[in-house]
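>>> Structure, please.
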Amino acid sequence: MIFEKQFGNPFQIEISFHKVIEGLEEIARSDVDFRANYAKGLLAEAAKVPELRTGISDPRVIEKNSQLIRHLLSDLFPTALTDNEIKAVTIPFHHIIFNHTRRFAQIILNAGPEFDMGIRDFDEHQFYVMSCCMILKYHYGHNVDFQRPVFYDIPDSDGSVKHYRILYNADFMEVVKTDAAPDVSPEDIAILLDNFDNFEMWKEKFPPETWILRGFGIMTLYDSTVESAVSLLKENLLSNEKKKDDGKASLLENIFRSIYRINDLRLGFAEYLPEEQRFKIANFGSAIPSILLAGKSETEYHDLCACSMDELVSEAKYLAISDVERFAEQFPEEREFAEHLLRQDVKSAIFAPIMKNGRVLGVFELVSPIPRQLNSINANKLDFVLPFITDTMDRYYSEKQNHIDAIIQKEYTAIHPSVYWKFKEEADLHTLSENADKPFREIIFKDVYPMYGQIDIKGSSVARNQAIQKDLTKQIEALSDILSELTKSQKLPVLEQHVFELEKLKVNIGDDLKADSEAVAQNYILTEIHPMLEHFNTRKEIVGKLENYAAILDPAFGMVYDARKKFDDTLSLINKRMASVLDKKQEEAQDFFPHYYERFKTDGVEHNLYIGASIAPKRTYSPIFLDNLRLWQLQAMCDLEVEYFRLRPSLPYELDVTSLILVYSSPISIRFRMDEKRFDVDGTYNARYEVVKKRIDKSNIKGTTKRITEAGKITIVFSQSHEEHEYRRFITLLQYKNRLGNNIESFEVEDLQGVTGLKALRVEVLYQVTPEGENYTFDDLVKELDIKS
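Below you'll find the model as predicted:
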């Protein structure tokens, strides 16, 4: 017997069999002697326990009179069905259960003493409101439809979980109002119907234990394990809620164990790539392994077995193996595949192809360590399940493709979100059949204001050449040492020739590194020196030197690549960090007013900004947004300078950066070039801006040989006096905020080809590197580093 207080309750529970007793009294008055005599005998026994009619609150009375109660309810609980039906007396939604059928009692016994007989996903709030709805229905006659499927999840003796649908019969129950219960008006009911979630309101209208629930109910359980497991599977597969991989895998495994009633069932999934005819681990989580792959990341499907995979993949049929050992004996050509399964303790298995629109997405795997537990008959259970798995896999791959497309758009195609609407608008037109064959219109944004900025790695070409010289010199010296040692025992003129050529190559590289020097040296070493060393690689006098030489080579290139790798890593790290900071700040800048943004990684990071009414036609554009974006750009360049100086001590190669901003106040038009898949200025009138942008960073101060850019400073290039005035205002603000130094340089820029009259401002960036926040210029910090070193 289960008789526990579960939650707070608007009811006082009085278990009464008065309706059954009243029925027996009617039978006792009938003319059918044997039934009347039986009823009279039961009534006589029931009269000895008046609580059976008036109401029982003490569970000990039920326990003491359990046999009498069983006889009273014999018409409702036939003895002939006690081993078939799962049935008991209960109070709906309560932990009050007794008078079980034999089958029900066995189910509870199998569940073990620790099992809590709780309804799935049923909390105190739901319990209380459902109880109140019973009052509304049975006392006030307001037919509130509160019925919903409710389930018990009960473990079996083998550890698997079975799911039982609960069906209630409340014919023998009645609801009685006490004097303590407040009246509930139709207006109250109308308000309650719109406030399911307002728990306190329900408790106010139906205070705890102010109503009496008298009588008893009958609970019948229906074993819906398969149906419920399929429903749970569907719910979890369709849910977009993110779960940990291991938790999700365990949940899916438990669901399939319930469906197949196999406690040690294992599942797996292998993604299939039809173009390459191979299986691979799916990217949605390593917690769902693959039995076919057995720990490998991928494999050719023909490597697994000869015929079975053809039937599985090509013909899209289930592959059910009821006894793997017998399978190996019957089909010798499949022995390798069978042994592959046996090594993983798989004695029976089902492999089911996941197909969508005629394409195999992957293979769903069910395996058991016991022969014949899985077979071609119970494989058909998958017919109810695979549609949900297929839809989920299809949705996953669609989302994955969308994610790939988003990455491609972000990293490769430069279609920025601010102008995406224009491309979508054009693409949407071509989804209509009448426009399918029409050419795409050009994407043009007119009257936009351009802004350009760059943070350039100073002296990157010189540093790269030094790295090349260092690597080639190190390799040539190692090779010269080996060949010189070899000439002592091998009197071959060709060896002397190579020693001479290597020394000459070393001198040429050290004196004057030309554009093709690296390629010439690499070709000579790989095509002439290395083949010759392979011929002598067994000579004892050079074996040690050859091993040392091999240790300094990069396996991917067959060349020494230490200094160049350090330089490349430094360059890559700088670019990645600068681009990351700029991208993040750009997301914030888009909130001011949408504008087109693109950046490029070269020997540094360049960016273009375009702002104007045509970029966001549904927003009201004002020149204040241009001023705001210019100030934002100047602050962003300060942030990039500071971020680089923080990064600099951790770099494997010592490099400096210079910063530049190009101001251009005339509006231009930009057009998306379909052939190059990028935006460019439109028309020859606007070409001047591109010419300036491409040549300005390498230009000098007019009348000098000094570059306009300098480490630790931001150079602002302009051509009109009002631009200078505007940026001096910006600089004053940033000086006040301790972002820029007090020293401002002003100079003219040398004439460029086709461009004259450019001027520039150059201002120091302040760096905060102490806990107290004291500001330093770049030169101050470099001097400090020199002193410490």
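>>> Which strand runs longest in this protein?
When every strand of the chain is counted residue by residue (DSSP state E), the longest turns out to be strand 444-458.
>>> That strand: what's the following helix or strand?
helix 460-487 (DSSP states H and E).
>>> What is that next one packed up against?
With contacts taken as 3 or more Cβ pairs under 8 Å, 6 or more residues apart in numbering; DSSP states H and E, helix 460-487 sits against helix 493-511, helix 517-524, helix 540-551, helix 562-589. (C-beta placed from N, C-alpha, C; glycine too.)
>>> Residue 464 - nearest residue in space that isn't next to it in sequence?
Nearest residue to residue 464, sequence neighbours excluded (Cβ to Cβ, 6 or more residues apart in numbering): residue 567, at 5.9 Å.
>>> List the contacts of that neighbour.
Residues counted as contacts of residue 567 (Cβ atoms under 8 Å, 6 or more residues apart in numbering) are 463-464, 467, 653.
>>> Now with 6 Å, please.
When contacts are counted by Cβ atoms under 6 Å, 6 or more residues apart in numbering, residue 567 is found next to 464, 467, 653.
>>> ok, the nearest residue to the last one once chain neighbours are set aside to residue 149 distance?
The shortest distance from residue 653 to any residue that is not its chain neighbour, by Cβ to Cβ, 6+ apart, is 3.7 Å, and that residue is residue 570. Spatial separation of residue 570 from residue 149 under the definition Cβ to Cβ, to the nearest Å is 64 Å.
>>> In terms of neighbours, single out the busier of the two.
Set residue 570 next to residue 149 and count neighbours by other Cβ atoms under 10 Å: residue 570 wins out with 21 against 11.
>>> Contact partners for the more buried one?
Per Cβ under 6 Å, 6+ apart, neighbours of residue 570: 651-653.
>>> And the residues you listed, which is closest to residue 291?
Nearest to residue 291 out of those is residue 652 (Cβ to Cβ; 44.7 Å).
>>> so how many other residues sit close to residue 768?
15.
>>> Could you list everything it pairs with in the sheet?
Beta-bridge partners recorded for residue 768 (DSSP bridges): residue 775.
>>> per-residue pLDDT, it?
Residue 768 carries a pLDDT value of 70.
>>> Check residue 529 too.
Listed pLDDT for residue 529 reads 87.
>>> leaving aside the residues next to it on the chain, what's closest to it?
For residue 529, the closest residue by Cβ to Cβ, 6+ apart turns out to be residue 479, at 5.7 Å.
>>> ok, how many other residues are close to that neighbour?
22.
>>> Please apply the same query to residue 292.
26.
>>> Check which helix or strand the residue nearest to it when sequence neighbours are not counted maps to.
Ranked by Cβ to Cβ, 6+ apart and with sequence neighbours excluded, the top spatial neighbour of residue 292 is residue 270, at 4.7 Å. Taking DSSP H and E as the criterion, residue 270 maps to strand 266-273.
>>> Measure how far the following helix or strand past that strand is from the centre of its chain, please.
For strand 266-273, the following helix or strand on the C-terminal side (DSSP H and E) is strand 278-280. On the basis of Cα atoms, centre = their mean, to the nearest Å, strand 278-280 sits 22 Å off its chain's mean C-alpha point.
>>> related to what we said a few turns ago, between the contacts of residue 570, which has the most around it?
When neighbours are counted by other Cβ under 10 Å, residue 653 leads the contacts of residue 570 with 18 neighbours.
>>> mind listing what it touches?
Listed by Cβ under 6 Å, 6+ apart, the contact partners of residue 653 are 566-567, 570.
>>> ok, so of the residues you listed, who is nearest residue 94?
Among those, and counting by Cβ to Cβ, the member closest to residue 94 is residue 570, at 71.6 Å.
>>> List the buried residues in stretch 487-507.
Using 16 or more other Cβ atoms under 10 Å as the test for burial, stretch 487-507 gives 495, 498-499, 502, 505-506.
>>> with those residues in mind, which one is nearest to residue 392?
Nearest to residue 392 among the buried residues of stretch 487-507, with distances taken as Cβ to Cβ, is residue 505, at 61.8 Å.
>>> thinking again about what came up before, which residues does the residue nearest to residue 292 contact?
279, 290, 292-293, 362-363.
>>> ok, residue 95 to residue 117 distance?
Taking Cβ to Cβ, one finds residue 95 at 6 Å from residue 117.
>>> What of residue 758?
Counting by Cβ to Cβ, the gap between residue 758 and residue 117 amounts to 85 Å.
>>> about what we covered before: now go through the contacts of residue 270 and say which are in strands.
279, 362-363.
>>> Among those, find the lowest-pLDDT one for me.
In terms of pLDDT, the lowest of the ones in strands among the contacts of residue 270 is residue 279, showing 81.
>>> so what's residue 144 up against?
Residue 144 neighbours (Cβ under 6 Å, 6+ apart): 133, 136-137.
>>> and the residues you listed, which of them are in helices?
133, 136-137 (DSSP state H).
>>> Between these, which sits nearest residue 531?
residue 133 (89.6 Å).
>>> I'd like to know how far the closest one sits from residue 219.
Applying Cβ to Cβ, the value for residue 133 to residue 219 is 18 Å.
>>> what's residue 222 sitting at in phi/psi?
Backbone torsions of residue 222, given as degrees, to the nearest 10, read phi -120, psi 130.
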